[in-house]
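Visitor: what follows is a predicted structure for the sequence shown.
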Amino acid sequence: MKASIAIQVLPQIAGEGEVVRVVDEVIAYIRSTGLHYYVGPFETTVEGEDYDELMEIVKNCQKVAIDAGAESVSAYVKICYRPEGKILTIDEKVSKHHQ
């Protein structure tokens with residue numbers, strides 16, 4: 001694995017249920033990419049070999065939220081990138097805590 005991102009999408013939309021619905025649509029989009037991902041309580045982590053593909057996912061998450069009805073969207077993104085090596089995978093980071 002060469003890169004991972006963690007993204008927290010914060011849609012501006014009326015109603016707590018609507019916020020959850022929009023975030024669920026963003027997560028469904030992430031699932032549709034076919035990349036390995038992990039949904040946490042505050043953010044979703046996605047990992048892959050192609051940095052540009054992950055940046056495209058970050059961009060598209062904003063568009064998915066808007067298309068789902070959000071008036072605007074804020075996002076917090078963390079990026080880990082190592083083009084000439086290996087980063088720790090999601091499983092290596094969290095599996096020992098979820099047994």
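Guide: Yep, it's here. Numbers count the residues shown, from 1 in each chain.
Visitor: for the chain, which segments count as strands?
Guide: Along the chain, the stretches classed as strands by DSSP state E are 3-12, 36-39, 44-48, 72-81.
Visitor: got the contact list for the last one?
Guide: Outside of strand 72-81, the residues that reach it under the criterion Cβ atoms under 8 Å, 6 or more residues apart in numbering are 2-12, 43, 51, 54, 58, 61-62, 65-66, 87. Heads up, the C-betas are built off the backbone N, CA and C, glycines and all.
Visitor: lowest mean pLDDT among the helices and strands, pick that one out for the chain.
Guide: For the chain, the helix or strand with the lowest mean confidence is helix 90-94, at a mean of 94 (criterion: mean pLDDT, DSSP states H and E).
Visitor: list the buried residues in it.
Guide: Of the residues in helix 90-94, those with enough neighbours to count as buried (16 or more other Cβ atoms under 10 Å) are Ile90.
Visitor: contacts for it?
Guide: In this structure, residues lying in contact with helix 90-94 by Cβ under 8 Å, 6+ apart are Ser4, His36, Tyr37, Tyr38, Thr45, Glu47.
Visitor: buried ones only from those residues, please, as a PyMOL command.
Guide: Provided next is the PyMOL selection string for whichever of those are buried by 16+ other Cβ under 10 Å:
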select buried, resi 4+37+38+45+47
